[in-house]
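A.B. asks: I would like the atomic coordinates for the input below:
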Amino acid sequence: MRFDGEIPPEVGEEIKEKEVNSMGHSICGGGSPQPQTLVVGYALTSKKKKSFLKPKFVSLAWSKGISFVSIDLNKPLSDQGPFDIVLHKLSGKEWREVIEDYRKNHPEVVIVDPPGAIQHLENRQSMQQVVADLNLSDCNGKVGIPRHLVITKDRSSIPYEIAKAGMKLPLVVKPLVVDGSAKSHELFLAYDEFSLSSLDPPLILQEFVNHGGLLFKIYIIGETIKVVRRFSLPNINKHELSKVAGVIQFPRVSSAAASADGADLDPNIAEFPPKPLMERLARELRHRLGLRLFNMDMIREHGTKDTFYVIDINYFPGYGKLPDYENTFTDFLLSLAQSKCKRKPPNLG
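C.D. replies: This next block holds a predicted model:
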């Protein structure tokens, strides 16, 4: 049985040296003099495994009693483990059914995160609706989403639909479905509505908001919030708009190479969003999405101090690009273990 993104068996031999047989382990105490191990089963694509389970992270986790064990996708999940925590980021209906069945039969295992909750972020329309439904008051700022339009079928109707919706050019164009593929993260900028007929639906079109060429990536790891700055698309004025036509594809702007931290930036652009706003936003989204691991791409409307837009949300993003993610994520795993022990009834035997 193979799943989308299945890890080849030859990948990650350096980690296997530190994987242990977890039979009979216990993380919640009980007076045992034996060292206790927190066993984390993982099901990740090869790319995600390489970027996330770096040797420094694995070694730090091991030193704090955390063992990472690769889940064999060719064997029944219930026959493996036992696990304390399962981390996963694989796509496909078959995997979702496997992990949901495992959750029902193994309620003692912490699944990070439920497949049903993750699905909210696999469609950019439902993703944006979660933000649109928020009512963040008294948080030193306003958060919304850009005006947008979803095109599911007839590409020839795009100019009519744009005019009908009264949307302003230019438009940011993204695939509607987020399935983990490189294609699902393609980004286009359309300077006229007629050139959009060359793109394949389903698509989501967003009005471009000038934001000073800078975006904020807000990483959520459980209760922890980390924010970094990334260079983004530059402002576009009406004069430039009148001289340009067509659709231009842009590279992804979220890579670590695009980091703006440490750059000489206009303070009015570079100032981080207010902490109370980020904390409230993260708390609300954690609750509404039912997720522990995600990040948001957020921009500040140019010329304002407190008007922000969430333009994308990603599940289990590239934490390996985040400074000191090793300590943050290790603490997160240990906090899950502590929460699990608090929920566990006392052993009266």
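A.B. asks: who does the strand or helix carrying Leu285 touch, helix- and strand-wise?
C.D. replies: Assigned by DSSP states H and E, Leu285 belongs to helix 275-289. Applying 3 or more C-beta pairs under 8 Å, 6 or more residues apart in numbering; DSSP states H and E, we find helix 275-289 packed against helix 124-132, strand 214-221, strand 224-231, strand 293-300, strand 307-315. (Each C-beta comes from the backbone N, C-alpha and C, glycine too.)
A.B. asks: so which of these gets nearest Asp192?
C.D. replies: The closest of the helices and strands packed on helix 275-289 to Asp192 is strand 307-315. By C-beta to C-beta, the value is 21.3 Å.
A.B. asks: what's the following helix or strand after that closest one?
C.D. replies: With DSSP H and E, the next secondary element past strand 307-315 is helix 325-343.
A.B. asks: The residue nearest to Leu187 when sequence neighbours are not counted: how many residues sit nearby?
C.D. replies: Once flanking residues are discounted, Leu187 sits nearest to Phe250: 4.8 Å by C-beta to C-beta, 6 or more residues apart in numbering. As a burial measure, Phe250 scores 12 neighbours (other C-beta atoms under 10 Å).
A.B. asks: Could I get the helices and strands packed on helix 275-289 in TSV, plus columns for distance to Leu277 and mean pLDDT?
C.D. replies: Putting the helices and strands packed on helix 275-289 into TSV (distance: least, C-beta to C-beta, whole Å; pLDDT from 0 to 100) gives the following:
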stretch	distance to Leu277	mean pLDDT
helix 124-132	13	93
strand 214-221	10	96
strand 224-231	11	94
strand 293-300	10	96
strand 307-315	7	95
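A.B. asks: Including mean neighbour count and distance to Ser339, could the ones you listed go into CSV?
C.D. replies: Converted to CSV, the helices and strands packed on helix 275-289 look like this (neighbours: other C-beta atoms under 10 Å; distance: least, C-beta to C-beta, whole Å):
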stretch, mean neighbour count, distance to Ser339
helix 124-132, 17, 24
strand 214-221, 23, 14
strand 224-231, 17, 14
strand 293-300, 23, 15
strand 307-315, 21, 21
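A.B. asks: Could you say which one of the ones you listed comes nearest to Trp62?
C.D. replies: strand 214-221 (19.1 Å).
A.B. asks: what lines up beside the closest one in the sheet?
C.D. replies: strand 224-231 (antiparallel), strand 293-300 (antiparallel) (DSSP bridges).
A.B. asks: So what touches it?
C.D. replies: 225-232, 253-254, 260, 265, 269-270, 272-273, 278, 281-282, 285-286, 291-300, 311, 317, 319, 322, 325, 328-329, 332 (C-beta atoms under 8 Å, 6 or more residues apart in numbering).
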